[in-house]
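Asks: Pasting the sequence and the predicted coordinates here, then a few questions.
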Amino acid sequence: MRPVWWFDMKRYQRNKEPGVLIGVRAICRYMQIGPNTFFRLHTEHGLPAMRLPGEAARWCTSRTLIDEWIVARWKAQKATAQGSMV
């Protein structure tokens, strides 16, 4: 039988993966937004996040994917704004 703290240690190690964000709270904390905004950005604007398989499916993404998505959205908005000014 495993010790009681073993499960907490596994969660601790998993959350310390470099660049990986697991859970809506971690993703929202990184992006400095609320959970409703997270779900809206995911459904309406294609925020790169996926649900992990299992009963209590958690959301997962990486800092790199989020940063690249933000830059791509910014470039698209900038191009749209410049196109409408011409």
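Replies: On my side now, so go ahead.

Asks: In the protein, where's the longest helix?
Replies: Of all the elements of type helix in the chain, the one with the most residues (DSSP state H) is helix 63-85.

Asks: Tell me which other helices or strands that one touches.
Replies: strand 20-22, helix 24-31 (3 or more Cβ pairs under 8 Å, 6 or more residues apart in numbering; DSSP states H and E). The C-beta positions use only the backbone N, C-alpha and C, and glycine is treated the same way.

Asks: quick one: buried residues of that helix?
Replies: 66, 69 (16 or more other Cβ atoms under 10 Å).

Asks: same thing with stretch 51-61?
Replies: 59, 61.

Asks: Could you give the average pLDDT over that stretch?
Replies: When pLDDT is averaged over stretch 51-61, the result is 87.

Asks: Could you do stretch 64-84 as well?
Replies: Mean pLDDT, computed over stretch 64-84, is 90.

Asks: Check the gap between E68 and G54 for me.
Replies: 27 Å (Cβ to Cβ, to the nearest Å).

Asks: got it, and F39?
Replies: Separation of F39 from G54 (Cβ to Cβ): 19 Å.

Asks: can I get the helices and strands packed on helix 63-85 in JSON lines with mean pLDDT?
Replies: Formatted as JSON lines, those follow (pLDDT from 0 to 100):
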{"stretch": "strand 20-22", "mean pLDDT": "91"}
{"stretch": "helix 24-31", "mean pLDDT": "94"}
